[in-house]
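**Student:** Below are the sequence and a predicted model for it; my questions follow.
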Amino acid sequence: MNRIAAPVHAVAAGPEDLIARQDSTIAIAVFIALAAALIVLFQFPPILDYANHYARIWLLSGGIGEQPFPEIYVIDWNRTFTNVGIDLLAVWLGPLVGADRLARALLFLAIVLPPLGAIGLHRSLFGGRHYWQIAMLSFAWCATMIGGFINFQIGLGMAFFLACIDLRLQGGNPFWIFAWRLAAAVLLTVMHIFSLGFYIAIVCGLEISWRIDILRSRVGLARLTGRLASAISACALPPLALYLRTAALPDAGGSGLGLAWNDGLILILINLVSAITTYVPLVDVVLILPLILICTRAARAGDMQVHAGLAVTACGLLLLSCISPRHALGTGWISWRFPIMTALVAMAMVCPFANLRRRHALSLALIINLAVFGRAGWVGWNWWLAEKDVAAVETVLRKVPAGAAVLPLGHEPETASSLAHSNRHFAWGLDTFRHLPTLAVPFSHAFVPTLFTAKGKQPLSILPPWSEIAVPEGNLVSIGVLSCPAMMREYEGFTPYLSDWRRRFNFILVANADIPDRYVGSSMPAGLTLIGDAGFAKLYAIDKVMPAEPLSIPAGCARAS
């Protein structure tokens, strides 16, 4: 690293010390090929929401017409106007290419588009194919990606690419610029409302331009204010028009705004780290440190170019990362969205070590490639670990008959830090497997109560009487809820499907079953018959007759009260 930081004005000692021509193209192509290979090899990687999205894509691609789903689901586009990008593609392209191919393609785009968009903007700003662009690929992996926020991730990449076009149009005819931004805003609003906000932030940074000297001139400041007002107005019109026409907005289940905050320094710091978080935060931090070191060395060596306007944007996004709520309006992990925006803009706004001699450039390329492909390898390892878990779920689902109602539950472990099962948790100890039971929809033609059907976010709606035992978004509740009355009372407010579960469901699918539950171990209430045991997943048939003996409350239930 000391050599990388060598002053750029040093006198060359020989031909080997000539300024190197940096080219990131091969490494970027290899990364794209690697991401594609991972998607091909692993159908259901440990990505939190992906299995749930897959089931919905399957329904919208034509599965909704297969029995018994015409009596369970209906498509209603009046339920939402944003966050529907993948849903529209499922309806338009799903019948042509198949739900599986489409879902994999969308996941691939969610991985590669954000860093490729940042690379595209970096090349537009700085010219050339600098090695620093390879470093941006590290941010293909983050909490929102592992969380399965597919619309959001694709929207981030779209915002970057649309901003590249915007950059080329700046200084041209104001009418065409306004029209372009209007069209871009429509596309981004449909994909995800946060991607529109990201696009606005980038465009405003680009309008400020390379230097902030303009802020010292009243005339220049007035012109900048006018350009920013025009850009924001053009981008705000489409969502405003759609908002005035929509019949449904996200809500918090009738409980108002439903705000939850990162109300402490530790929570804020953890939230900021979500920009790099995958499965084990310590591994992520170690693999991102070389990139931070490169920036600090470049700054000390005076070989760091910075776009001032985007620096202002990055600071604004960083502030939002710290002050935004964690949950609001029935939408989870809002505060996760801003750290990855901040990181991508910060990567695109700087160009460290643009002028290196050949021997130093080789060291820079080696360090960056090791960091980037080390993270990709780490993610691939966890995806490989998860294969046996997915296979276990598929195995027990073969025993579920069409038209059955499946109650998904799980074993909540004592700790989520086991490296042997690092694929099962990410971020703040959240499980990555909670939505695997929704695969019962495409694989078994069965009903699961936790398929995404949120008003204001998804076009799928559930028909009665099935709607009485469904939630628009759900977690995987511990099996302890069946044996612990106090836990049942705690959860009944947001998991109403648990009420009278013996009568309403035919089967219980237990995930993470090879690790004891922290409350009740592997104990299940009477009246259940184990019909499938694949280790990670177990399937129980529910006896519709209530057992005669009184309910036995395990001692571990005291921990849940």
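**Tutor:** Received it, and whenever you're ready, just let me know what you need.
**Student:** contacts, neighbours, all on C-alpha from now
**Tutor:** OK.
**Student:** surely H307 meets W210?
**Tutor:** Yes. Using CA atoms under 8 Å, H307 is in contact with W210, at 4.8 Å.
**Student:** can you count the residues close to W132?
**Tutor:** 27 (other CA atoms under 10 Å).
**Student:** about what we covered before: quick one, which of H307 and W210 is more surrounded?
**Tutor:** H307 (22 against 18).
**Student:** Quickly note the distance from that one to A229.
**Tutor:** Separation of H307 from A229 (CA to CA, to the nearest Å): 21 Å.
**Student:** in stretch 317-331, what's buried?
**Tutor:** Residues of stretch 317-331 classed as buried by neighbour count (16 or more other CA atoms under 10 Å): 317-318, 320-322, 324-331.
**Student:** mind listing what the closest residue to P401 other than its chain neighbours touches?
**Tutor:** Spatial nearest neighbour of P401, chain neighbours left out: S444 (6.4 Å); criterion: CA to CA, 6 or more residues apart in numbering. Contacts for S444 (CA atoms under 8 Å, 6 or more residues apart in numbering) come out as L397, R398, V400, P401, A402.
**Student:** before we move on, the earlier item: just put the buried residues of stretch 317-331 in TSV and tack on secondary structure, distance to T342 and pLDDT.
**Tutor:** Below are these laid out as TSV (DSSP: H, G, I helix; E, B strand; the rest coil; distance: CA to CA, whole Å; pLDDT from 0 to 100):
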residue	secondary structure	distance to T342	pLDDT
L317	helix	5	98
L318	helix	6	98
L320	helix	9	97
S321	helix	8	96
C322	helix	11	95
S324	coil	13	95
P325	coil	16	94
R326	coil	16	90
H327	strand	19	86
A328	strand	21	82
L329	coil	23	75
G330	coil	24	74
T331	strand	20	80
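**Student:** would you turn the residues you listed into JSON lines with distance to R359?
**Tutor:** JSON lines is the format used below for those (distance: CA to CA, whole Å):
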{"residue": "L317", "distance to R359": "37"}
{"residue": "L318", "distance to R359": "36"}
{"residue": "L320", "distance to R359": "41"}
{"residue": "S321", "distance to R359": "39"}
{"residue": "C322", "distance to R359": "41"}
{"residue": "S324", "distance to R359": "45"}
{"residue": "P325", "distance to R359": "47"}
{"residue": "R326", "distance to R359": "46"}
{"residue": "H327", "distance to R359": "49"}
{"residue": "A328", "distance to R359": "51"}
{"residue": "L329", "distance to R359": "54"}
{"residue": "G330", "distance to R359": "54"}
{"residue": "T331", "distance to R359": "50"}
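**Student:** Tell me the one of the residues you listed nearest R337?
**Tutor:** Nearest to R337 among the buried residues of stretch 317-331: S321, at 7.7 Å, using CA to CA.
**Student:** Now the nearest residue to I75 once chain neighbours are set aside. Its backbone dihedrals?
**Tutor:** Closest residue to I75 apart from its sequence neighbours, by CA to CA, 6+ apart: L460 at 4.8 Å. Per-residue torsions, L460: phi -80, psi 140 (degrees, to the nearest 10).
**Student:** confidence score at L460?
**Tutor:** Per-residue pLDDT puts L460 at 95.
**Student:** who's in contact with it?
**Tutor:** So L460 contacts R56, Y73, V74, I75, D76, F452, T453, A454 (CA under 8 Å, 6+ apart).
**Student:** Would you mind measuring from it to H53?
**Tutor:** Taking CA to CA as the measure, L460 falls 11 Å from H53.
**Student:** So which residues of the stretch 201-350 of the chain form helices?
**Tutor:** Shown for the stretch 201-350 of the chain, the helices assigned by DSSP state H, counting those that start in this stretch span residues 218-245, 265-273, 281-301, 308-323, 337-349.
**Student:** W381: neighbour count?
**Tutor:** The number of residues packed near W381 is 13, by other CA under 10 Å.
**Student:** what helix or strand is it on?
**Tutor:** W381 belongs to helix 358-397 when elements are defined using DSSP states H and E.
**Student:** and the angle from the strand or helix carrying I177 to helix 218-245?
**Tutor:** Using DSSP H and E, I177 sits in helix 174-191. Here the directions of helix 174-191 and helix 218-245 differ by 40 degrees (axes from the mean of the first three to the mean of the last three CA atoms, to 10 degrees).
**Student:** to the chain's geometric centre, what's the distance from helix 174-191?
**Tutor:** How far helix 174-191 lies from its chain's middle: 24 Å, per CA atoms, centre = their mean, to the nearest Å.
**Student:** Buried ones in that helix, by neighbour count?
**Tutor:** Of all the residues in helix 174-191, those buried under the rule 16+ other CA under 10 Å are 177-178, 180-182, 184-191.
**Student:** Show me what it is packed against.
**Tutor:** Packing partners of helix 174-191 (3 or more CA pairs under 8 Å, 6 or more residues apart in numbering; DSSP states H and E): helix 85-97, helix 150-169, helix 193-208, helix 218-245.
**Student:** between those helices, which one is nearest to C557?
**Tutor:** helix 150-169 (37.1 Å).
**Student:** Mind checking the pLDDT average for the closest one?
**Tutor:** For helix 150-169, mean pLDDT is 97.
**Student:** helices or strands up against that helix?
**Tutor:** Counting contacts by 3+ CA pairs under 8 Å, 6+ apart, helix 150-169 is packed against helix 85-97, helix 99-126, helix 174-191, helix 193-208.
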